[in-house]
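S.K.: Based on what follows, work out the 3D shape:
(chains A and B)
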Amino acid sequence: MAQIFRPGADTYARMVLLSIVLLPTLAIFLTYLVMRSSTVTGQDFVLHQWPPFSHAHHAGELGIGCRMCHNSVEKAASAGMPSTHVCMTCHSQIWTNAPMLAPVRESLADDKPLHWTRVNDLPDYVYFDHSVHVNNGVGCSTCHGPVDTMPLMRQAAPLTMGWCLDCHRSPEKFVRPTDKIYDFDWQPPADQEEKGKRLLVQYHIETSHLTDCSVCHR
Amino acid sequence: MRRRAPLLPLIALLALAGCDQSMQDQPSIKPYEATAMWPDGTPERGLPDGVVTRGASAALAALSEPPPVSEALLARGRRDFDDFCAPCHGYAGDGDGIVVQRGFPPPPSYHSDRLRAAPASHFVDVITNGYGAMYAYSDRVAPEDRWAITAYIRALQTSRDTALAAVPDAAEALQ
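M.R.: Sure thing, here's the model as predicted:
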């Protein structure tokens, strides 16, 4: 009787068996890599802004506080974006003819609002409130990174759900004292865990419900 | 079974529907989101003429009546002063803030006879309505915070206008 399979068939059979296990694993692993890559999350992307506002200059070099422009950060969900009036507070007097400030002057002359490009854009099914974070020990740089060194704003964090949960699961690793919220030089001290636990008590942060779905999806 | 094989790519195509972003970007308008709904492209609607805003009477009441001065009020005033005023007026109120060093017309020092004699309501009024080259800060500083800033300005003024003899404890501390 003639042989049905050629001698190489065993190798093929083994490869097929191996692929059945390996390929789906590899596919899942690759998908995971792609989903976490900055191409998907937008992390570290610098977006076009016009006017090209520099946080490195205003917040870093000049030391102007965050709240000068992001005025509602302690009171509302949105931190607030600077109106033309806010820019013109200084630029009605200095750099009045600077080409890069042309959109601000046009905005004032035409009574049309400025168009800022949103850098940190959460999905619409996420509820996020700035005030509850900055009033309870989460500093600006925890999520926004070293803004005072960024010539153009970039998204410092991946803004994935896993990243949010890192802090919601163990906030004691991230919370800081009230007077350090706007401090971009703040680094967690060596005994952060211990200090953080005391801060959780001070801020009345109840960790048992911080990871409930409805906290962020409502 | 063989006849169904061409269906597989179709099913795979259907799975792409899972990549739909309509949950990510819902049709509702979020604050500051661009929209084609109004000609100026913004969802923020200005107030129609003559509208009395919510909390307007409370804001007026807070403006006309100074709150009692406490350490907490002074601390809040210092925080707001450092954020909103110090860029031009300087951290000590000399009118030499960083923005002035970059070319903004210098504001007067708080440590002048005229501003020492000025009533507290003058500072609140200037924060509310602006003065000279200074823009109004009513959009950035809440009425009660304007009093807090004023209290801190008074503290700055006092710090330069007090004889050592008036503070016996301080004289002892210096020895």
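
S.K.: For the rest of this, base every contact and every neighbour count on C-alpha atoms.
M.R.: Fine.

S.K.: what's the pLDDT at B:S22?
M.R.: In this prediction, B:S22 carries a pLDDT score of 81.

S.K.: show me the contacts for it.
M.R.: Not one residue lies near B:S22 by C-alpha atoms under 8 Å, 6 or more residues apart in numbering or on different chains.

S.K.: In contact with the residue of chain B found nearest chain A, which residues?
M.R.: Closest to chain A within chain B is B:Q24: 4.5 Å, counting by C-alpha to the nearest C-alpha. B:Q24 sits next to A:123-125 when contact means C-alpha under 8 Å, 6+ apart.

S.K.: and with 10 Å instead?
M.R.: Each residue near B:Q24 by C-alpha atoms under 10 Å, 6 or more residues apart in numbering or on different chains is listed here: A:121-126.

S.K.: Would you check which pair of those residues lies furthest apart?
M.R.: Distance extremes for these: the farthest pair is A:D121 and A:Y125 at 11.4 Å, using C-alpha to C-alpha.

S.K.: what touches both of these two?
M.R.: Jointly contacting A:D121 and A:Y125 under the rule C-alpha under 10 Å, 6+ apart are B:24-25.

S.K.: what ranges do the helices span in chain B?
M.R.: B:7-15, B:56-64, B:71-80, B:86-89, B:98-101, B:113-117, B:120-129, B:143-160, B:168-174 (DSSP state H).

S.K.: Buried deepest among those helices, which one?
M.R.: Neighbour counts (mean count of other C-alpha atoms under 10 Å in any protein chain shown) averaged over each of the helices of chain B peak at helix B:86-89, with a mean of 24.

S.K.: could I have that helix exported to PDB, CA atoms only?
M.R.: Extracted in PDB, the C-alpha atoms of helix B:86-89 (Å, rounded to 0.1, in the frame of the first residue of the first chain):
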ATOM      1  CA  ALA B  86       2.500  88.900  42.100                       C
ATOM      2  CA  PRO B  87       3.400  88.400  38.400                       C
ATOM      3  CA  CYS B  88       3.100  92.200  38.100                       C
ATOM      4  CA  HIS B  89       3.000  93.600  41.600                       C
END
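
S.K.: domain ranges for chain A?
M.R.: Domain ranges of chain A: A:10-41, A:73-79+A:118-216, per automatic domain parsing.

S.K.: Work out which residue lies at the spatial centre of chain A.
M.R.: Closest to where the C-alpha atoms of chain A average out (C-alpha atoms, centre = their mean) is A:A157, at 3.9 Å.

S.K.: quick one: which helix or strand includes it?
M.R.: Using DSSP states H and E, A:A157 sits within no helix or strand.

S.K.: so it touches A:G42, yeah?
M.R.: Yes - if you go by C-alpha atoms under 10 Å, A:A157 and A:G42 touch, sitting 8.7 Å apart.

S.K.: shared neighbours of those two, anything?
M.R.: Counting by C-alpha under 10 Å, 6+ apart, the shared contacts of A:A157 and A:G42 are A:N120.

S.K.: when you check chain B, which of the contacts of B:Q24 turn up near it?
M.R.: With C-alpha under 10 Å from any C-alpha of the partner chain as the criterion, the contacts of B:Q24 include A:121-126 near chain B.

S.K.: Can you tell me which of these is nearest A:L22?
M.R.: A:P123 (33.3 Å).

S.K.: Tell me the secondary structure of the closest one, please.
M.R.: Under the three-state scheme (DSSP: H, G, I helix; E, B strand; the rest coil), A:P123 adopts coil.
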